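Enquirer: With the input below, show me the fold.
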Amino acid sequence: MMVALTVQGQAKAVWVVVTLAVGALSAAVVVRGVERMWRASAERIGAAAEALEQGRPPLHLLHAEPALMARAERRLLEAVDLVHDQLAALTGQRDEFEAILRGMIEAVVVTGARGELVMLNGAARRLFALAPDADYAGRDFVELCRDPRLQDLVSRTQQSGGALVTTSELSIQYPAERWLQVSAAPVRAGAGAGAAWVFVFHDITQLKNYETLRTDFIANLTHELRTPLAALRGYAETLTEGVEDADTQRRFLGIIERQASRLSRLIDDLISLSDLERGLAALKFETLDPARVVGEAVELMRGQAERKGVVLEQRSDAELAQVSADRDRMHQLMLNLLDNAIKYTPPEGRVTVEAHAAGDPDGKAGAGVEFVVSDTGEGIPATDISRLTERFYRVDRARSREMGGTGLGLAIVKHIVQLHHGKLRIASRLGEGTAVTVWLPAAGSASLAAAG
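Expert: Next up, the predicted model:
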């Protein structure tokens, strides 16, 4: 009996041990499986995070996992996909925005709430003479722009705290003299955040120059018209009231005729210059002999030179390449140059017209011909030479009007030369005379082909 109980107790102990061993083994298997599952999930989540950091779409390799874990991991990966798509969209928008900024001719500068530089495009770097590759992020923009007027405008704008876009015009002197139209728009980053600013700088220097030229042109034209009109009106009224002396009548009528002719020349020159500037002058290009162009112009102006007591000479190389040009415009060009030279050369002086072979004065390939009209007149101050081709510009206004000039001759010459793809040079010394050189490419030359 005792033996049986002993055996029975031992049997129970054995089963207990066996049960415990099986439980421990099962727990170990389950734990190991859970561990593998968590490790795999951690690896997949880590791979997704790494892909997100590198801007790549994450791989979705979900194995047969318990439903709860699979759903959680799937939701996490879907969130990763959403973040990746949003990052890709933001990256695309950023690239498009940077491309737009690079292509803008306007200078764009973005500053933070404290005035620190956040971003600027290439046009802004060029406008403010900043290094093309330097990193200016975080620098105070007021220190970088360096012009006092611009610094004051930027500072006042940033301190105003306004919510509207403001636009103003100002003139700056540094790094170069320019007129700028400045637009400033506030940008709020979020609730409670200070306003950042976007500044857009539009260079309107050329527009201002055009406005100045227009104003000067109107003022000069008004003055040019007023003088002969006043003379016409005054002498006509005098004759209307009655002048008994025949010589006085003839003298007054001569003055009226000269002033009327001056008005006619002025109007003709204005129409011609306007047509040239607007491209309305239809040119009929043909092959011309330079020596013949010079000869015809000299023949037409010889009488005027003889009346003035000026010697008129012509010289041409024996063999000259022909030029492709409009015959009427070339005659107009030569006559304007000769008329100026004869007018400003004193009696017993000399005016010389030459045509000779010459290469492109800028050193480019292509042969050509130079037409040179030189005189032994008073010469022109060096400070005035660069402005001689401006409309109505005169070195000596009183003397020029006395000689009947309109002040448009050289402006017309400049435009004719440009339409023929040529080059114009004026050289002069006081007391020694002036030389005007017009270079035209030879017919069929590389320079003419490139210009056309």
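Enquirer: Please make it C-alpha for all contacts and neighbour counts, starting now.
Expert: Will do.
Enquirer: which non-adjacent residue is nearest the spatially most central residue of the chain?
Expert: In the chain, the centroid-proximal residue (C-alpha atoms, centre = their mean) is residue 105; its distance is 7.4 Å. Excluding the flanking residues, the one nearest residue 105 by C-alpha to C-alpha, 6 or more residues apart in numbering is residue 123, at 6.1 Å.
Enquirer: you'd agree the one you found is up against residue 130?
Expert: No - in this structure, residue 123 is not within contact of residue 130 by C-alpha atoms under 8 Å, at 10.0 Å.
Enquirer: Which of those two has more residues huddled nearby?
Expert: A count of neighbours by other C-alpha atoms under 10 Å puts residue 123 above the other of residue 123 and residue 130, at 22 against 16.
Enquirer: how about the more buried one, what does it touch?
Expert: Neighbour list for residue 123: 102, 104, 105, 106, 107, 108 [criterion: C-alpha atoms under 8 Å, 6 or more residues apart in numbering].
Enquirer: I'd like the distance from the strand or helix carrying it to the chain centre, please.
Expert: In the assignment (DSSP states H and E), residue 123 maps to helix 122-127. Put simply, helix 122-127 sits 12 Å off its chain's centre (C-alpha atoms, centre = their mean, to the nearest Å).
Enquirer: Give the buried residues for it.
Expert: In terms of neighbour count (16 or more other C-alpha atoms under 10 Å), helix 122-127 has its buried residues at 122, 123, 124, 125, 127.
Enquirer: In contact with the last one, which residues?
Expert: For residue 127, the contacting residues are 107, 175, by C-alpha under 8 Å, 6+ apart.
Enquirer: Any figure for the gap between it and residue 78?
Expert: From residue 127 across to residue 78, the span is 47 Å (C-alpha to C-alpha, to the nearest Å).
Enquirer: Apart from its chain neighbours, what residue comes closest to residue 270?
Expert: residue 408 (7.6 Å).
Enquirer: What about the one you found, how many residues nearby?
Expert: By the criterion of other C-alpha under 10 Å, residue 408 has 22 neighbours.
Enquirer: Please tell me I have it right and it contacts residue 387.
Expert: No - the criterion here is C-alpha under 8 Å, and residue 408 misses it with residue 387 at 11.9 Å.
Enquirer: Give me the three-state assignment for the residue nearest to the centre of the chain.
Expert: Three-state assignment for residue 105 (DSSP: H, G, I helix; E, B strand; the rest coil): coil.
Enquirer: Go ahead and report the secondary structure state at the nearest residue to residue 147 once chain neighbours are set aside.
Expert: Spatial nearest neighbour of residue 147, excluding adjacent residues (C-alpha to C-alpha, 6+ apart): residue 174 at 5.3 Å. Three-state assignment for residue 174 (three-state DSSP): coil.
Enquirer: For residue 139, see how far away residue 174 is.
Expert: Residue 174 sits 19 Å away from residue 139, going by C-alpha to C-alpha.
Enquirer: swap in residue 249?
Expert: Residue 249 is 80 Å from residue 139, where distance means C-alpha to C-alpha.
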